[in-house]
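Visitor: Provide a 3D model corresponding to the input given below.
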Amino acid sequence: AGRLPEFMVPSVLVMLDRLPLAPNGKLDRAALPEPEFGGGAYRPPGSAVERDLAAVYAEVLGLERVGVDDDFFAVGGDSIRSIQVVSRARALGVEVSPRQIFECRTVAELAQVAVTDGSDTGVVLEEFEGGGTGLLPVLPVSRYLRELGGGYGRFSMSAVLELPAGIDAAGLSATLTAVFDRHDVLRSRLVTGDEWHLEVSEPGSTDVAGLVHRVGCDGHWEEQRWRESAQTELDEAAGRLDPAGGVMARFVWFDAGPDVPGRLLVVLHHLVVDGVSWRIMLPDLAAAWEQVRAGRTPELAPVVTSVRRWTHALQDEAASESRVAELALWRAVVDGPDPLIGRRPLEPARDVTDTADHLWVQVPARVTEALLTSVPTAFRGQVNDGLLAGLALALAKWRHNRGVTQSSALIRLEGHGREEGVVPGADLSRTLGWFTSMFPVRLDIRGIDLGDAFAGGPAAAAAVKAVKEQLLAIPDKGIGYGLLRHLNPETAAVLRRYDTGQIAFNYLGHYSAADMPENLRGLGWTRADDTTDLVAAPDADMPLMSTLEINALVTDTEQGPCLNARLGYPTGVLTRQDVQELADLWCTALEGLARHAAQPGAGGLTPSDVPLVSTDQRELEIWEKKYPALTDVWPLTPLQSGLLFHAQLADTAYDAYHMQLVFHLSGPVQPQRMRAAGQAVLDRYANLRTAFVNDTAGEHVQLVLDSVPLPWQQTDLSHLP
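Guide: Here you go, the predicted structure:
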């Protein structure tokens, strides 16, 4: 059907070499193994909970099917999609949390901790009187915006949505109103002063119809004149936002008549929306429209934890002893070298959005696919591990080209901030708002051969492993930094003295048709193709947040999912040539990682993968060299230690702890079935696939291997009497 991508060739050759052949040299189809997904043999779900979770995984990831042993993060999952899993599993009566999805990465593991509908789900964070309405303090990221200074009225996020054919003004208004009435923060007003607050009004208090501006058009979306019109309308809509006046949203309805599906431009002030919020709001719009179209009053699923309740809980958490103890870690991250990447440091009064420029880059589909699946699979990590490893390599090379030798990169990272684990009982899977966490990370690739890494050699693996471990060393995905920097006055006084890096990086996840639940597809309210680059300019005097701002996301194209990144920069500090060079180096580094992940035996363990023992990367790689199938490392139980001690002292000809069973068989015997059954037992139980070795401290550990061939001997005695 087409030319095979070059990076896939080694893997395909290995698979071809393993195909079973009949005596005549042709393919033995009866001996073909089950299809493989996500790097492991497909095993279908068994229990009802496994079936529900496997169906949810497949729906959220846009896959035909997911086996119970497939790693969620190895088949395209990420932290944002884990939130979608929570809400869609709940609709089927299965309760799981995002943290559980990270800890129990397969359907089989998750099913064991999932709670079915009607059972006790444990702690639930109780709402305050009045629910999500009333006065509430703003979250740390909003406090950051306040400290930044300058204008912020136009600071927004937007999306162009495909509307259902035949929708009229009344249907549009009723659909939008249902979403406003369900999600409190859309009805909020910014209260300024010494401190910022949001004041949320009661449901029904917003005249949503008054926020819609209708524009007649012919529905020729592919024409340049429509794009120019859309950009003009977007800029005007952003200018009509008024947070202090309670106008947090504006809508532009491109009406192509009753027979052609129109489009809706949605512009929301950033104070009330983030990347996850879109994945909540768009399905709610479709669900509301489905009910409006049927002549019913829309009833949307409830929101469990409000922004108001979450904010107050974070204020308490910021003062906790355990959170304050993180201060030393954050000081160590920011108190280090960060050579200038431009002509001069960023100046808030001088480097404002009016002086900014940006460029877009797109990573090919074949490389994107590897970054979403092959790289996380090989390194038991997540998408950000590869993206940030590539960025660290690119920045080191970019600096080297300018005579600057620095192996570490201080990056301000953005996460979705919905770390429910820090507030027991919280559930933000259906809550709209700006929850983004912003925190510094220091990525050090000291000692890594840049040339080899860019070429996809072993150094590429070393870079990913180093970045993965450094990211995992950050507790609770970095939410603690914002708490200490903005919600605790004592720790804030310390941290405000340090910069958080000249480069900001934000991965917004994969936007695809799978964001819409299967039962709501075909109703409209999905993102329109080729509109990602429609972005409203912020206020002209708004200070730039970083010298280089990288926002990356994956969108579906005719070639397949592609990673797109928008790099923004102040023209007075960096030139377009500077930024283009860094962007090109980043893309080249990502290609090197994809090329490495396609090689047989790529990847490997890192210390975080073996939490039951204390070891380092060097020791793990020594073990992997001797045992290529190494998949885990366990300590010994006390009884195992005693048995091993006696076995080592005993005469090798006699083992007192050896046990043997002899089966007498009758009737027709099929040796190959017996052998396959024995192999299946080894494959099923990891403790039958262990090697006992010493670590560098002299302690015994057991190395768990992914596969061990069954020792098998067959003797034909049929010729004897």
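Visitor: Give me the helix or strand of the protein that scores worst on average pLDDT.
Guide: Per-element confidence for the chain was summarised using mean pLDDT, DSSP states H and E. The lowest value among helices and strands belongs to strand 36-37, with a mean of 36.
Visitor: Quick one: mean pLDDT for the longest helix along the chain?
Guide: Using DSSP state H, we find that the single longest helix of the chain is helix 576-597. Mean pLDDT, taken over the full extent of helix 576-597, equals 97.
Visitor: What ranges does the stretch 51-200 of the chain have for its strands?
Guide: Defined through DSSP state E, counting those that start in this stretch, the strands belonging to the stretch 51-200 of the chain, from first to last, are 94-95, 115-116, 134-137, 156-162, 188-191, 197-200.
Visitor: which residues are contacting the longest one?
Guide: I take that to be strand 156-162. Strand 156-162 is contacted by residues 230, 234, 237-238, 241, 261, 263-270, 273-274, 278, 282, 285, 524-528, 531, 534-536, 538 when judged by CB atoms under 8 Å, 6 or more residues apart in numbering. To be clear about C-beta, it is placed using only N, CA and C from the backbone, and glycine gets the same treatment.
Visitor: Narrow those residues to those in helices?
Guide: Judged by DSSP H, helices contain the following of the contacts of strand 156-162: 230, 234, 237-238, 278, 282, 285.
Visitor: Next, give phi and psi for the nearest residue to residue 59 once chain neighbours are set aside.
Guide: In space, not counting the residues next to it along the chain, residue 59 is nearest to residue 518; the distance is 5.3 Å by CB to CB, 6 or more residues apart in numbering. Note on residue 518: backbone dihedrals following degrees, to the nearest 10 are phi -60, psi -40.
Visitor: With the one 5 residues further on instead?
Guide: Geometry field for residue 523 lists phi and psi as phi -100, psi 0, criterion degrees, to the nearest 10.
Visitor: do the same with residue 377
Guide: With angles defined as degrees, to the nearest 10, residue 377 sits at phi -70, psi -50.
Visitor: my read: it touches residue 71, true?
Guide: Yes. With contacts counted by CB atoms under 8 Å, residue 377 reaches residue 71, the gap being 6.7 Å.
Visitor: Tell me the pLDDT of the residue sitting furthest away from the middle of the chain.
Guide: Of all residues in the chain, residue 721 sits farthest from the chain's C-alpha centroid, using CA atoms, centre = their mean; the distance is 67.2 Å. Reading off the per-residue confidence, residue 721 sits at a pLDDT of 91.
Visitor: Ok, residue 138 next?
Guide: At residue 138 the predicted local confidence, pLDDT, stands at 96.
Visitor: same question, residue 405
Guide: On the pLDDT scale, residue 405 is placed at 92.
Visitor: can you list the residues that contact the helix or strand hosting residue 680?
Guide: Secondary-structure assignment from DSSP states H and E places residue 680 in helix 671-684. Surrounding helix 671-684, the residues in contact under the criterion CB under 8 Å, 6+ apart are 688-689, 707-710, 712, 714.
Visitor: Drop anything exposed from these.
Guide: Neighbour-count burial (16 or more other CB atoms under 10 Å) is assigned, among these, to 689, 708.
Visitor: quick revisit: out of the ones in helices among the contacts of strand 156-162, flag the one nearest to residue 251.
Guide: The shortest distance between residue 251 and any of the ones in helices among the contacts of strand 156-162, using CB to CB, involves residue 237 and amounts to 7.6 Å.
Visitor: For residue 541, see how far away that closest one is.
Guide: When CB to CB, to the nearest Å is applied, the distance between residue 237 and residue 541 equals 20 Å.
Visitor: okay, those two: which has more neighbours?
Guide: For the pair residue 237 and residue 541, the greater number of neighbours falls to residue 237 (22 against 13), based on other CB atoms under 10 Å.
Visitor: so who does the more buried one touch?
Guide: Residues near residue 237 by CB under 8 Å, 6+ apart: 158, 213, 250-252, 265, 267, 536.
Visitor: what's the nearest residue to residue 292 if we skip its chain neighbours?
Guide: Counting by CB to CB, 6+ apart, residue 292 lies nearest to residue 174, which is 4.7 Å off, once chain neighbours are set aside.
Visitor: Please work out how many residues are found near that neighbour.
Guide: Residues contacting residue 174 under the criterion other CB under 10 Å number 20.
Visitor: That concludes my questions; thank you for your assistance.
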